[in-house]
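Engineer: I'll drop the sequence and a predicted model, then ask my questions.
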Amino acid sequence: MKKSVKIALAAAIAIPIVAASAIPLFVDANTFRPMIESRLSAALSRKVTVGGLSLSVMTGSLVANDLAIAEDPKFGQAPFFTAKRLRIGVEMKPLLFDRQLIVRSFEVDAPQIHLILAEDGTWNYSTLSHGVGSQNTTQAATLSDLPVGHITIKDGNAEIETLPLQRSPQVYDHLDVKLENFSLAKGFPFTVSASLPGDGRVAVSGTVGPINPQDAAATTFDAQLTLDHLDPVAAGYVDPAAGISMIADLDAHVVSDGMNVTSDGKVHAEHLILLKGGKPAPYPVDVNYQVSHSLKDNSGQVSDLALQTGAVAIHIKGTYHLAANEPVFDLKLTAQSVPIDGLQALMPAVGVKLPNNATLKGGTLSANFAIKGSAKDNVIVGSYEIKNTQLVGYNLGSKIVGIAALGGIKTGDTTAVTISRADMRITKSGSQTTNIYSVLPALGESTGSGTVSPSGQLNFHLISKVTNAKGLNKVGINILTKLNSTSAGAKPSKASGIPINITGTAENPVITADVNGLMKGNAATLRNKGNDLLQKTGLSKLFGKKKNPGATTPKN
């Protein structure tokens, strides 16, 4: 009795398995190939081909060895989408008994996806499902032709290139996509994740649809985007020649109504460099942004972009246009009485360099700059003003050479700055600074202008009104100031004070009082006065020369 029960139980288990295994022997799955290709081609408005089909009763699916979706002819002949395997989940009973194909799911393994953005802003996937549901298209499938419970893409690879081709395509590897309750006629939820070069990771989730039948790229969506450990240079977002780099995390909300895309979010950037020649910021910098983008014009408005470290924020607003795949922008940067202590992390990132081992402490910065051009070729024009700060770790008095009187100025290792302001123009050819005005209690007022070469070489010419010299030094300063104001040189000074040249680099500046220039510009005066003038006024000491006991004073 027990034996018969076991036999019956084994038969009950084995017979369905054997029957299911035998079904593919009697059902030619390839008879459904034309139907599948036709339906997919009509729904996508592209020719779709699938390889040989096999039936898997156990998984309830048709399995194709190959899948290819044709490219828009305007973008070439190579396929837009290929995959080595496609599993189509189907309702088995209607398939076997009624020859009716009811699709439950699509699962695609390791596809290769080629996305192309034309110079006019058109994507090669814009014509997917083009005209689907349109009464003017006689061969169009109805939107209800392709409702699917879920579509899954596993371990795919997507390349995005722009035309004309200017740099290597952006690559998204290990691409996973899930679409739930997919339909061309209404919205559906989705999730997308992928790896980026440089150990980056991107994830997007939200809702998309209905698919725009005239332009798939103009389909509405509402999504949350996260990027982890993004290296924009390695990922192909930023040209290395621009000099911009960082390792960033992004958390953003992105919404499209089919015509405009709006986005707001936060970027947490480490090792940030925003200007070619800059150094990585020593501390993380947060960037909060609000941007709206027009898909039609391929341009946008930056409502606010705030570079923030601690409680300090510098705001950037303006417009941009993606011309020839290279963003061209017209932006305004403003900073109003921003505490300098909070700016220490941003200074290296934007190319601000201080003397070696020196830092700014206290005070405020105000700035207004216009930024126009592209990341590789731009012009920055504006002005700045620094108030009540200290340059700590730099002994200005000991660095001035060329005249003993100025060597008598004592600043210690901290140089106080009451005010420093100037106008600046920065291009790829270097920077020009004009209308310099500064007040240093230890030195006095200074005015002038100068340049910084692309390699960082300084060439500044200032006139300093030295006000704190005493005794003989004060007498010498006064005489040199008078000589400067009456100079007979080729380019006599129009300002009262001591001419000072600053060369070298920002990290190691060389500050020299231009005594030689004064001497050449007043050669006739000095010859008339002779050494007697030098001895009586003490200028021989100022020039750092020792009196020669054997020399005689020439007579007038």
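Structural biologist: Yes, it's here.

Engineer: Tell me which stretches of the stretch 201-350 of the chain form strands.
Structural biologist: 221-230, 245-256, 260-273, 285-294, 299-309, 312-323, 326-339 (DSSP state E, counting those that start in this stretch).

Engineer: Ok, which of those comes nearest I463?
Structural biologist: strand 326-339 (28.2 Å; CB to CB). The C-beta positions use only the backbone N, C-alpha and C, and glycine is treated the same way.

Engineer: Give the other helices and strands that that closest one contacts.
Structural biologist: Using 3 or more CB pairs under 8 Å, 6 or more residues apart in numbering; DSSP states H and E as the contact test, the elements touching strand 326-339 are strand 312-323, strand 364-374.

Engineer: what about the stretch 401-550 of the chain, any weak spots by pLDDT?
Structural biologist: 402-411, 466-496, 515-550 (pLDDT under 70).

Engineer: Can I get stretch 206-215 as PDB, trimmed to CA atoms?
Structural biologist: Taking Å, rounded to 0.1, in the frame of the first residue of the first chain, the C-alpha atoms of stretch 206-215 are listed here in PDB:
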ATOM      1  CA  GLY A 206      10.900  58.100 -10.400                       C
ATOM      2  CA  THR A 207       8.100  58.100 -12.900                       C
ATOM      3  CA  VAL A 208       8.200  58.700 -16.700                       C
ATOM      4  CA  GLY A 209       5.600  58.900 -19.400                       C
ATOM      5  CA  PRO A 210       3.400  58.800 -21.300                       C
ATOM      6  CA  ILE A 211       5.900  58.500 -24.100                       C
ATOM      7  CA  ASN A 212       5.800  61.500 -26.400                       C
ATOM      8  CA  PRO A 213       4.900  60.100 -29.800                       C
ATOM      9  CA  GLN A 214       6.500  63.000 -31.700                       C
ATOM     10  CA  ASP A 215       9.800  63.100 -29.700                       C
END
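
Engineer: quick one, phi psi at T418?
Structural biologist: Backbone torsions of T418, given as degrees, to the nearest 10, read phi -70, psi -50.

Engineer: typed the wrong thing, it's G51
Structural biologist: Main-chain dihedrals, G51, degrees, to the nearest 10: phi -80, psi -170.

Engineer: Tell me the confidence at it?
Structural biologist: At G51, the pLDDT value in this model is 91.

Engineer: Neighbours of it, how many?
Structural biologist: 17 (other CB atoms under 10 Å).

Engineer: who's in contact with it?
Structural biologist: 64-67 (CB atoms under 8 Å, 6 or more residues apart in numbering).

Engineer: Would you confirm that F32 contacts S61?
Structural biologist: No - with contact defined as CB atoms under 8 Å, F32 does not count as touching S61 (11.7 Å).

Engineer: Which residue of these two possesses the greater neighbour count?
Structural biologist: S61 (22 against 19).

Engineer: Beta-bridge partners for that one, please?
Structural biologist: S61 forms beta bridges with S56, G89, as assigned by DSSP bridges.

Engineer: what's the distance between it and H130?
Structural biologist: According to CB to CB, to the nearest Å, S61 and H130 sit 29 Å apart.

Engineer: Stretch 268-276: which residues count as buried?
Structural biologist: Using 16 or more other CB atoms under 10 Å as the test for burial, stretch 268-276 gives 269, 271-276.

Engineer: Repeat that for stretch 221-237.
Structural biologist: 221, 223, 225-227, 230-236.

Engineer: Could you report the distance from the nearest residue to L440 once chain neighbours are set aside to I436?
Structural biologist: Computed as CB to CB, 6 or more residues apart in numbering, the closest residue to L440 that is not its neighbour in sequence is V417, at 5.8 Å. To I436, V417 is 12 Å away according to CB to CB.

Engineer: go on, I69?
Structural biologist: Distance from I69 to I436, by CB to CB: 63 Å.

Engineer: same question, L360
Structural biologist: 17 Å.

Engineer: One more: V103?
Structural biologist: From V103 to I436 the distance is 73 Å (CB to CB).

Engineer: And L343, by the same measure?
Structural biologist: 20 Å.

Engineer: just Y125 next, same as before
Structural biologist: Y125 is 55 Å from I436, by CB to CB.

Engineer: okay, the two: which has more neighbours?
Structural biologist: A count of neighbours by other CB under 10 Å puts Y125 above the other of Y125 and I436, at 23 against 19.

Engineer: Test my guess that that one contacts T219.
Structural biologist: No - using CB under 8 Å, Y125 is not in contact with T219, being 10.1 Å away.

Engineer: In the chain, where is pLDDT below threshold?
Structural biologist: In the chain (pLDDT under 70), the answer is 1-27, 131-146, 166, 323-325, 402-411, 466-496, 515-556.

Engineer: can you map out the helices along it?
Structural biologist: For the chain, the helices defined by DSSP state H occupy 2-26, 33-44, 92-98, 396-399, 404-407, 471-485, 515-521, 523-537, 539-542.

Engineer: And the third one, what's buried?
Structural biologist: The neighbour-count check on helix 92-98 (16+ other CB under 10 Å) flags 92, 95 as buried.

Engineer: What would that helix look like as CSV? C-alpha coordinates only.
Structural biologist: Output of helix 92-98 as CSV, limited to C-alpha atoms (Å, rounded to 0.1, in the frame of the first residue of the first chain):
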residue,chain,number,x,y,z
MET,A,92,1.6,29.9,-21.5
LYS,A,93,-2.0,28.7,-21.8
PRO,A,94,-3.0,31.2,-24.5
LEU,A,95,0.3,30.6,-26.2
LEU,A,96,0.0,26.8,-26.3
PHE,A,97,-3.7,26.3,-26.9
ASP,A,98,-4.8,29.5,-28.8
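
Engineer: and it, how far out from the chain's middle?
Structural biologist: Put simply, helix 92-98 sits 55 Å off its chain's centre (CA atoms, centre = their mean, to the nearest Å).

Engineer: list the contacts for the residue nearest to L440?
Structural biologist: By CB under 8 Å, 6+ apart, the contact set of V417 is 363, 386, 388-391, 438-440.

Engineer: List just the nearest of the residues you listed to K74.
Structural biologist: Closest to K74, out of all of those and judged by CB to CB, is I386, at 55.1 Å.

Engineer: Just list the residues touching the closest one, thanks.
Structural biologist: 340, 360, 363-365, 417, 419-421.

Engineer: what about the residue nearest to G363 when sequence neighbours are not counted, how many neighbours?
Structural biologist: Leaving aside its sequence neighbours, G363 sits nearest to T389 (CB to CB, 6+ apart; 2.9 Å). Using other CB under 10 Å, T389 is surrounded by 21 other residues.
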